[in-house]
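Participant: Task: produce atomic coordinates for the following.
(chains A and B)
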Amino acid sequence: MKDRIKVITEEALKEIGACRAGEDTVEALRVKYLGRKGIITELFKQIGSVPAEDKPEIGKLINILKESVTRSLDEKSLLVPSAEEKAPPIDVTLPGESGHIGRIHPITRTIDEINSLFVSLGFRIVEGPEIETEHYNFETLNIPLEHPSRDAFDTFYVSFEKKTLLRSHTSPVQTRFMEKNRPPFAIVVPGRVFRPDATDASHSFMFHQVEGLVVGQDIKFSDLKGTLTTFARQMFGKEVRMRFRPSFFPFTEPSAEVDISCIVCGGKAGEKRCSMCGGKGWLEIMGAGMVNPKVFEAVGYNPEKVTGFAFGMGVERIAILKYGINDIRLFFENDLRFLRQF
Amino acid sequence: MKISYSWLKEYVNISLAPDKLAHLLTMAGLSVESVKRFGDDYVFEIEITANRPDWLSVIGVAREIAALTGEKLKAPKVANIKAGSSVAGLKVRIEERSLCPRYTARVIRNVKVGESPAWLRARIEAMGLRSVNNIVDITNFCLFETGEPMHAFDFDKISLGEIFIRKALEGEKVVSIEGTEKTLDKSMLVIADGKKTIAIAGVMGAANTEVTGATKNILLEAAYFDPVSVRRTSRKLAISTESSYRFERRVDPDNIVCSSNRALEIIIKIVGGEPGPLIDMGNKETKKNAINLRIEKVNKLLGTEISASIMKKIVLALGIKIKGSSGKKMALEAPSFRCDIKNEIDVIEEIARVYGYDKIPITLPKIVEQPTRFDRTMVVRKKIRECLTALGSDEIITYSLLSRKMVEASEASGDSIVGIANPLTNEQEMMRPNLLSGMMNAILWNINRKTKDLKLFEIGNVYFKKDEKYGERMHLAIGITGENAVGWVRGSSGANFFGLKGMIETLFMELGIEAPEFKCARKNGFLSGECAEISIATESVGMMGRISGKVLHNFDIKENVYMVEINLDTLLKYVKLEKRFVELSRYPSVFRDISILAEKGLPNAELVSAAKIAGGSILRDIRLIDRYEGKQIPEGRQSLTYRLEYCDPSKTLEEKDVLDIHGRVLGELEAKFGAKLR
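Facilitator: Numbers count the residues shown, from 1 in each chain, chains lettered A, B, ... in the order given. Now for the predicted structure:
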């Protein structure tokens, strides 16, 4: 019996080894050896006639034989290409298929970016109402009712009688916040503002601002410079240069206009034809200054005890500079060919 | 304001080339917008801030340059002119002392009105004005040179030589020098003679006393008019002149007589004439502002280490007088031309400005840890944007102000709409009461540009009026139209109610909002058969559905649009972003499908809720996976297939347990709704 097993093993492996992959012969061999009437199946049946003491050993040998034949056949049949494998290849250049991911509006995106920049510096984000009163939009900010300084703040009124208007800047949130909170604090106020300007490529009667306010015991003009320099470098790139020019805003003193070196021509002298800065080399990005003591007085702070700085920038302006957009109206037309660029 | 480079050079030594000077001025707060060649001169266009009327003249700017460069101001010295002493024929009376604290006038007889000499014309034209005649040109020249507006009247046309500074009569009409008729009211200050108004004080002269070629004798006026009064009048009449621009910013009261004499000097030199004495009425003393400056305060506020001696140098250069000084303090007096310097902070600003902002160091503030970084509403809005963009929707931002037509097109109406009292155009008459109009406009804009498959959303305020108070609240709108094209493999489907509803359900799930209810509803703007009210815990949070044919027509949209508008202020109450771990079941779920025939009008929600009650806690989930009506389904019925998930957290469910519950669920659906197992 043992010899027979040995012979069958040799024959079977030889036969399997010789058969060509991809032919029906692999399956025919499986039937020949492992089928219901196969050679190995028959061997198992003959175990009964083996002397009892040899049974375990013979059984084990037949099992080993079965395993090795099965494995060899399996290996051989793996080499057989299936019907799928025989099919011609698909056109892998056909387009892929997936849903479209919507885009965040570039204004929201810019506000988010500005917010997170200031949050990383320790600021808190605060919001306020768009329908405002003269009191917050002007008076608490030291903007006298009848003074040329109000010319810069032409305003939509909802009701002249009730002195109710659409805020022309986000600064009223400054005094609203100060009335309810005690220093020290650092806040940033994003929001929508309105001014009755005729609409053209660079003007819109509605736009967005981000306002900042830092108040504490020892806040200095140099802190203002440092904060805004950090901001501009992160927003527009490390190589950007800053310029602080004296200016005037009723709610800050000293006040500054903040410029960055032109992000297109780099502010190199002689670039008279730069489409971005028109050869000036500088781009105005925001107004800023130390909080005017009169504003502190209006909210009941003691200007001898606290100082602070404030700044404000137009979000559309920042986005226009950052992305090189040439018309402010694009932001509100909502043309998907525009929106999907961001 | 325009200013001439060569003119400046007459009053101060300038060694800087025009572009270098422009930079110097810009960095000192006189923002030079452009430098243009004008013949062999250069003209600077400078933006002067509202707080610095003293810069609105050549001398004012020259004075600033002197302070910045350490040069000396060479203001013109007005020669002593021998004036006649006879005041015969001129009488001045100020009736409104508060609106006209000071008024000077002088008669100059036998002038020869004619063309201006070339040098004068050049100066006037460099300033962007047209040369009129020598007298008018000289008053303008002096206005630019000294900053004091002056006016010359034809003296012979002033009735009886009497001048009254009084308020206008209500409804009084006057023809200005420009030839337009203006109607005045009794709040406006005018210069009048006994019979008529001859000038709108500080704003513009009247045609009736204009200096012409025939003029023999003139009256030269130089005065101080109240800034607020001039501003009001100028705004009401919509006339802004070089003169009103300066008066409303405040002229230097100490400069009036000097300027008048300067004008006289030039008149005599180039026009000739015999001057009478100067009539000078009103306040001759001007109060000077006294300020205490603390040296330490300056450096503390600026973050600098500027020495007291540098501070002294700066204030003196600016014409501020030092009345006394100790090591720590200075007692200062602001000159009359610096009405903006009233407090210590004003002087600190001047020191910073002249010292140079660029020399102030760069530091970072000590910022104290804030209690929060973002308010909850901002976090929720961010989450909504993330979720909706992930669902393929693009964010739009539309105008808060709309035309009445647009608001009405959205079928919104009523007293609660907020109007704009002073719109610039009819595109801005009203504040949006909803986000629908903006959404429709954005959809139309894109369809017209051949982008027809749209999923848009907007988050923004809508505005309302309630009990005579104005308010705003935040809304979310989603609008879908066209094909929801997945691709060439899976194909596409047209925008439909359930596509939109699915977005809302996914969004709510993301926001941790449980069990939103959708109830069949009717609302203006929506097609009545495809409209649902969305509520959470019985509180309505918004409406969704298919936009009605009428509204589509109003916006000229030919495609179907589905839209939802949600009140985010209300929704916020139900948002739960906090996450809490729930242990995973250790026992596997068993899934069973049920196909039933039910009456066609039977709402899915009722079937599901009945099944849930019957299934108890073991029934984890029930989901509709197929719905069919038509062939093989009896009339008036629908075939519904649900997939039910059973799971017992305490043991492995055996076949008989599942059969038991599943049977109960089916039994309930049969008993309650007559639903039949297919």
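Participant: From here on, just use CA atoms for contacts and neighbour counts.
Facilitator: Fine.
Participant: need the longest helix for the chain.
Facilitator: Looking at chain A here, since you left the chain open. Among the segments of chain A that qualify as a helix by DSSP state H, the longest is helix A:55-78.
Participant: actually it's chain B I care about, not the one you picked
Facilitator: The helix that spans the most residues within chain B, counting by DSSP H, is helix B:655-673.
Participant: Alpha carbons of that one, in CSV - could you do that?
Facilitator: Listed in CSV are the C-alpha atoms of helix B:655-673, where the atom choice follows Å, rounded to 0.1, in the frame of the first residue of the first chain:
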residue,chain,number,x,y,z
GLU,B,655,-34.4,33.4,14.2
LYS,B,656,-37.5,33.0,16.3
ASP,B,657,-37.0,36.3,18.1
VAL,B,658,-36.7,38.1,14.8
LEU,B,659,-39.7,36.3,13.3
ASP,B,660,-41.6,37.3,16.4
ILE,B,661,-40.9,41.0,16.2
HIS,B,662,-41.0,41.2,12.5
GLY,B,663,-44.5,39.5,12.6
ARG,B,664,-45.6,42.1,15.1
VAL,B,665,-44.5,45.0,13.0
LEU,B,666,-46.3,43.6,9.9
GLY,B,667,-49.4,42.8,12.0
GLU,B,668,-49.5,46.4,13.2
LEU,B,669,-49.2,47.8,9.7
GLU,B,670,-52.0,45.5,8.5
ALA,B,671,-54.2,46.3,11.4
LYS,B,672,-53.7,50.0,11.3
PHE,B,673,-53.4,50.8,7.6
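Participant: Just name whatever secondary elements that helix is in contact with.
Facilitator: Based on contacts counted as 3 or more C-alpha pairs under 8 Å, 6 or more residues apart in numbering or on different chains; DSSP states H and E, the elements that helix B:655-673 packs against are strand B:590-599, helix B:604-615.
Participant: so of those, which one's packed in deepest?
Facilitator: Across these, averaging neighbours per residue (mean count of other C-alpha atoms under 10 Å in any protein chain shown) puts strand B:590-599 on top, at a mean of 18.
Participant: picking that back up, helices and strands around the longest helix of chain A, which ones?
Facilitator: Contacts defined by 3+ C-alpha pairs under 8 Å, 6+ apart place helix A:55-78 against helix A:2-18, helix A:25-34, helix A:39-46.
Participant: circling back: list the buried ones in the longest helix of chain B?
Facilitator: By neighbour count, with 16 or more other C-alpha atoms under 10 Å in any protein chain shown as the criterion, the buried positions of helix B:655-673 are B:658, B:661-662, B:665-670, B:673.
Participant: Can you spell out the domain ranges of chain B, please?
Facilitator: B:2-69, B:91-282, B:290-359, B:376-574, B:590-677 (automatic domain parsing).
Participant: Quickly check: the first one near chain A or not.
Facilitator: Yes: part of domain B:2-69 sits close enough to chain A to count as contact by C-alpha under 8 Å from any C-alpha of the partner chain, namely B:26-30, B:49-51.
Participant: Using JSON lines, lay out the residues you listed together with secondary structure, neighbour count and distance to B:Asn292.
Facilitator: Compiled in JSON lines, those are given as follows (DSSP: H, G, I helix; E, B strand; the rest coil; neighbours: other C-alpha atoms under 10 Å in any protein chain shown; distance: C-alpha to C-alpha, whole Å):
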{"residue": "B:Thr26", "secondary structure": "helix", "neighbour count": "18", "distance to B:Asn292": "29"}
{"residue": "B:Met27", "secondary structure": "coil", "neighbour count": "23", "distance to B:Asn292": "27"}
{"residue": "B:Ala28", "secondary structure": "coil", "neighbour count": "23", "distance to B:Asn292": "23"}
{"residue": "B:Gly29", "secondary structure": "coil", "neighbour count": "23", "distance to B:Asn292": "24"}
{"residue": "B:Leu30", "secondary structure": "coil", "neighbour count": "23", "distance to B:Asn292": "26"}
{"residue": "B:Thr49", "secondary structure": "coil", "neighbour count": "18", "distance to B:Asn292": "25"}
{"residue": "B:Ala50", "secondary structure": "coil", "neighbour count": "20", "distance to B:Asn292": "24"}
{"residue": "B:Asn51", "secondary structure": "coil", "neighbour count": "20", "distance to B:Asn292": "21"}
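Participant: now, which of those residues sits nearest B:Lys405?
Facilitator: B:Ala50 (39.3 Å; C-alpha to C-alpha).
Participant: secondary structure element for the residue nearest to A:Pro190 when sequence neighbours are not counted?
Facilitator: Residue nearest to A:Pro190 in three dimensions, not counting chain neighbours: A:Val210, with 4.2 Å by C-alpha to C-alpha, 6 or more residues apart in numbering or on different chains. Secondary-structure assignment from DSSP states H and E places A:Val210 in strand A:206-216.
Participant: what angle separates the very next helix or strand once past that strand from strand A:206-216?
Facilitator: Of the helices and strands lying after strand A:206-216 in sequence (DSSP H and E), the nearest is helix A:221-236. With axes from the mean of the first three to the mean of the last three C-alpha atoms, to 10 degrees defining the directions, helix A:221-236 sits at 140 degrees from strand A:206-216.
Participant: Report the inter-axis angle for the following helix or strand past helix A:221-236 versus helix A:221-236.
Facilitator: Counting by DSSP H and E, the next helix or strand C-terminal to helix A:221-236 is strand A:242-249. Computed with the same axes, to 10 degrees, the direction of strand A:242-249 lies at 120 degrees from that of helix A:221-236.
Participant: is strand A:242-249 up against chain B anywhere?
Facilitator: Yes: Strand A:242-249 lies in contact with chain B when judged by C-alpha under 8 Å from any C-alpha; the contacting residues are A:243-248.
Participant: Over to stretch A:327-334?
Facilitator: Yes: using C-alpha under 8 Å from any C-alpha, a contact is recorded between stretch A:327-334 and chain B, made by A:331-334.
Participant: interface residues of the stretch 151-300 of chain A facing chain B?
Facilitator: Neighbours of chain B within the stretch 151-300 of chain A, by C-alpha under 8 Å from any C-alpha: A:156-160, A:184-186, A:196-198, A:206, A:218-227, A:243-248, A:253-255, A:292-293.
Participant: Helix or strand: which one has the closest residue to chain B within the stretch 51-200 of chain A?
Facilitator: Using C-alpha to the nearest C-alpha, the single residue of the stretch 51-200 of chain A nearest to chain B is A:Gly102, 3.9 Å away. A:Gly102 belongs to no helix or strand when assigned by DSSP H and E.
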